[in-house]
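**Q** pasting the structure only:
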């Protein structure tokens, strides 16, 4: 949060902890004249979105680059790292959902199945054990070399089902990036009405490792 202060010079500031906040109740205290800056990365933004969406935002909301992967900011700023803060209201509309079992959640960047999902699981476990920084590429490389086995997958898109052998991953992408800069869906438009499904399949391990 301290790194964001120079960008907010001259404004009356009130700092709150998102993890200890009733976000919907907080929205009710805001007026159109207020401005809110979320300091964090993809995890912070996903946490906020799932706490308030689809409640309309009553004032301008901004995101300040404070995460490790920052795939959302990388996408909406076209990888311009000089733009560390950006208004996000337009991007928090018409969000897609993912349902696993009985739980449904909104998502911003993508939903990983296969290797990318496994990497996220390992990274989350490392965070729980006190590892604050994770190199997604390195984790993926180690999984490919030592552990990961590709799947047979049945994929249904728009009512049409196809089957794939030796599937390494099949992310459904709302943005272009995941994993801290892996540009898996270069033509995806997060302001559009469709998702991009990327299926990496029928490749040998050496090819997959070299591309990672």
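**A** Arrived safely, thanks for sending. These numbers were taken from a predicted model, which means no experiment stands behind them.
**Q** helix/strand/coil for residue 44?
**A** helix (DSSP: H, G, I helix; E, B strand; the rest coil).
**Q** And it, how close does it get to residue 163?
**A** Using Cβ to Cβ, to the nearest Å, residue 44 is found at 38 Å from residue 163. Just so you know, the C-beta spots here come from the backbone N, C-alpha and C atoms, and that holds for glycine as well.
**Q** now swap in residue 130 and tell me
**A** For residue 130, the distance to residue 163 - Cβ to Cβ - is 41 Å.
**Q** Those two: which is more packed in?
**A** Neighbour count, other Cβ atoms under 10 Å: between residue 130 and residue 163, residue 163 has more, with 10 against 6.
**Q** Show me the beta-bridge partners of the more buried one.
**A** residue 154 (DSSP bridges).
**Q** from memory it sits against residue 153, does it?
**A** Yes. With contact defined as Cβ atoms under 8 Å, residue 163 and residue 153 form a contacting pair (7.0 Å).
**Q** any idea of the mean pLDDT for stretch 178-198?
**A** Across stretch 178-198, the average pLDDT comes to 92.
**Q** which other residues reach it?
**A** 68-71, 74-76, 90-91, 94, 96, 108-110, 112, 116, 119, 135-137, 140, 155, 157, 169-177 (Cβ atoms under 8 Å, 6 or more residues apart in numbering).
**Q** What residues sit buried inside that stretch?
**A** For stretch 178-198, the neighbour count (16 or more other Cβ atoms under 10 Å) marks 178-180, 182, 184-185, 188, 190, 195-198 as buried.
**Q** Go ahead and list the helix or strand containing the closest residue to residue 208 other than its chain neighbours.
**A** Residue nearest to residue 208 in three dimensions, not counting chain neighbours: residue 168, with 5.5 Å by Cβ to Cβ, 6 or more residues apart in numbering. For residue 168, the host element (DSSP states H and E) is strand 160-169.
**Q** what's the distance between that strand and the middle of its chain?
**A** Relative to its chain's centre, strand 160-169 lies at 23 Å (Cα atoms, centre = their mean, to the nearest Å).
**Q** now swap in stretch 136-145 and tell me
**A** 19 Å.
**Q** any idea where the helices of this protein begin and end?
**A** 23-28, 42-52, 71-76, 115-128, 136-142, 205-211 (DSSP state H).
**Q** who touches the third one?
**A** If I follow you right, that is helix 71-76. Contacts of helix 71-76 (Cβ under 8 Å, 6+ apart): 41-42, 45, 63, 65, 83-84, 86, 88, 91, 108-109, 175-181, 190.
**Q** Could you do the fourth one as well?
**A** The set of residues that contact helix 115-128 without belonging to it, under Cβ under 8 Å, 6+ apart, is 110-112, 134, 136, 139-140, 143-144, 148, 168-169, 171, 178-179, 182, 200.
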